[in-house]
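> 3D, please:
(one chain, ligands or ions: 1)
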Amino acid sequence: MITIERLTKRYDDDVVVDDVSLEIAEGAIVAVVGASGSGKTTLLRMINRMVEPTSGRVLIAGEDTRATAPHLLRRSIGYAIQGHGLFPHRTIAENVATTPKLLGWDKARIEARVDELLSLFGLEPAIYGPRRPHQLSGGQQQRVGVARALAAFPRVLLMDEPFGALDPIVRAKAQADLRAIQRKLGVTVVLVTHDMDEATSLADRIAIMERGRLVQEATPVEVLTHPATQFAADMFGADERPFRLLSLKSVADLTQPGEAGGEPIAADADRREALAALLWSGRAAAPVTGAGGERLGIVTLARLVEAAAAKAR
Ligand SMILES: Nc1ncnc2c1ncn2[C@@H]1O[C@H](COP(=O)(O)OP(=O)(O)OP(=O)(O)O)[C@@H](O)[C@H]1O
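Residues are numbered from 1 along each chain as shown. Next up, the predicted model:
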């Protein structure tokens, strides 16, 4: 749905994005990761023409982005950044309404859309709509930033470290919200992040940048188990890899018949959580329960340890 073809950006003699080609499927979440200065933000900003490529092109739904004036293109592509970029003197409702207003939607339609989005992000419209950004917490502002980016039904959402400033608990909630909302709206997301857990848990595919070049583009499992370069391996941390691999799948299909005592583990819990629960409580197995609390069997420490090995994928 987004086709990036031989995209290059040069500043004088500096090649900051170097001949990058990438296909992004409709409705996918792609995380772009890489060291600081590797060209992630520049790549992202070439998609909505905030930065004009030196050469190469971007197609969205088959259409060359150069066919549309940049300011019009940006109305059809959501953009959310760290620090939210909210207009401080506008209310939350006005912030979310920014693009619909530019598009000339009528008042009733804008109001309905603002209410819908604020509710979707767990912000009561009557309470938060009239407030100014400084009257919200960082996590709430971040959600407004994403709501604003989604207001005019973009097919593409670009996110540059949108959760970077959030504490781990709020961040996990924001990531879960994004996942749920993305699935609901079917929007294609390109997400620049420094957080490898975020990349592995949120993204369908991970694009790894190294000095302007795209060195690997693959699923999280592939990136973890078959990193294309030493740098790609280092990025995901040798000592973290087994745990990240475990976090990609639930315990459901490791469940086996048997009896075990103690606190049960939900079948949809991820395997990393299950391993932590067993290690922490000093058990070799735990009961597994379904959505309705029914017993499905047990998961053992041994199965989890087996599943953490690269060859187990
Ligand atoms: N307008 C510009 N003029 C000159 N050089 C630039 C410009 N914008 C970015 N660069 C350079 O391009 C390189 C890539 O920058 P970019 O912001 O894309 O990297 P990044 O991977 O997003 O980094 P970070 O993770 O630190 O945000 C950097 O070396 C940066 O200094």
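> how does the protein divide into domains?
Taking automatic domain parsing as the reference, the chain has its domains at 2-236, 244-312.
> So the first one, near the ligand or not?
Read that as domain 2-236. Yes: residues of domain 2-236 contacting the ligand under CB under 6 Å from any ligand atom: 11, 16, 34, 36-42. All C-beta atoms are positioned from the backbone trio N, CA, C, and that covers glycine.
> Filter these down to just the ones in strands.
Among the residues of domain 2-236 next to the ligand, the members found in strands (DSSP state E) are 11, 16, 34.
> Just the pLDDT for the first one.
Right, the one you point to is residue 11. Note for residue 11: predicted pLDDT of 96.
> Across the sheet, point out what pairs with it.
In this entry, residue 11 is beta-bridged to residue 14, by DSSP bridges.
> That one: how many residues sit nearby?
10 (other CB atoms under 10 Å).
> What is whichever strand or helix holds residue 279 packed up against?
Assigned by DSSP states H and E, residue 279 belongs to helix 271-281. Using 3 or more CB pairs under 8 Å, 6 or more residues apart in numbering; DSSP states H and E, the elements in contact with helix 271-281 are helix 241-246, strand 265-266, strand 285-289, helix 301-307.
> now that helix: mean pLDDT?
On average, the pLDDT along helix 271-281 is 95.
> Tell me which residues of that helix come out buried.
271-272, 274-275, 277-278 (16 or more other CB atoms under 10 Å).
> Also stretch 181-199?
181-182, 187-193, 195-199.
> Ends of that stretch, what's the gap?
Start-to-end span of stretch 181-199 (CA to CA, to the nearest Å) is 17 Å.
> next one: stretch 78-88
End-to-end distance (CA to CA), stretch 78-88: 19 Å.
> Could you list the buried residues of stretch 244-254?
For stretch 244-254, by 16+ other CB under 10 Å, it's 244-248, 250-251, 254.
> nearest to the ligand, of the residues you listed?
residue 244 (20.1 Å; CB to the nearest ligand atom).
> At the geometric centre of the chain, which residue do we find?
residue 202 (4.8 Å; CA atoms, centre = their mean).
> Phi, psi for that residue please.
With angles defined as degrees, to the nearest 10, residue 202 sits at phi -100, psi -30.
> I figured it hits residue 191, correct?
Yes: under the criterion of CB atoms under 8 Å, residue 202 makes contact with residue 191 at 6.9 Å.
> Now for the two: what residues contact both?
29, 31 (CB atoms under 8 Å, 6 or more residues apart in numbering).
> need the next SSE after the helix ranked longest in the chain, C-terminal direction.
Across the chain, the helix with the greatest residue count (assigned by DSSP state H) is helix 168-185. Sequence-wise, the next helix or strand downstream of helix 168-185 (DSSP H and E) is strand 188-192.
> can you give me the offset of that following strand from its chain's centre?
In terms of CA atoms, centre = their mean, to the nearest Å, the centre of strand 188-192 is found 6 Å from the chain centre.
> who's in contact with that strand?
Here strand 188-192 makes contact (CB under 8 Å, 6+ apart) with 1-2, 24-33, 40-41, 44, 47, 155-162, 178, 182, 198-199, 202-203.
> Among those residues, which lie within strands?
2, 24, 29-33, 156-160.
> Whichever of the contacts of strand 188-192 end up buried, select them in PyMOL.
In PyMOL, a selection of the buried entries from the contacts of strand 188-192 looks like this (16+ other CB under 10 Å):
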select buried, resi 2+24+28+29+30+31+32+33+40+41+44+47+155+156+157+158+159+160+161+162+178+182+198+199+202+203
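> Now the buried members of the residues of domain 2-236 next to the ligand.
The neighbour-count test (16+ other CB under 10 Å) marks 16, 34, 38-42 as buried among the residues of domain 2-236 next to the ligand.
> Out of those, name the ones that lie in helices.
40-42.
> Distance of residue 239 relative to the ligand?
23 Å (CB to the nearest ligand atom, to the nearest Å).
> What's the local residue count around that residue?
Using other CB under 10 Å: residue 239 sits among 6 other residues.
> Tell me which helix or strand in this protein has the weakest average pLDDT.
helix 168-185 (a mean of 82; mean pLDDT, DSSP states H and E).
> any residues touching that one, and which ones?
27, 29, 120-122, 137-139, 142-143, 146, 150, 153, 157, 162-163, 166, 189, 195, 198, 201-202.
> what about the helices in the stretch 1-150 of the chain?
Secondary structure of the stretch 1-150 of the chain (DSSP state H, counting those that start in this stretch): helices located at 40-47, 70-75, 92-96, 98-102, 107-120, 125-128, 138-150.
> For those, please prepare CSV with the additional fields distance to residue 231 and mean pLDDT.
Below are the helices of the stretch 1-150 of the chain laid out as CSV (distance: least, CB to CB, whole Å; pLDDT from 0 to 100):
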stretch, distance to residue 231, mean pLDDT
helix 40-47, 14, 96
helix 70-75, 32, 89
helix 92-96, 39, 96
helix 98-102, 37, 93
helix 107-120, 38, 93
helix 125-128, 43, 96
helix 138-150, 30, 88
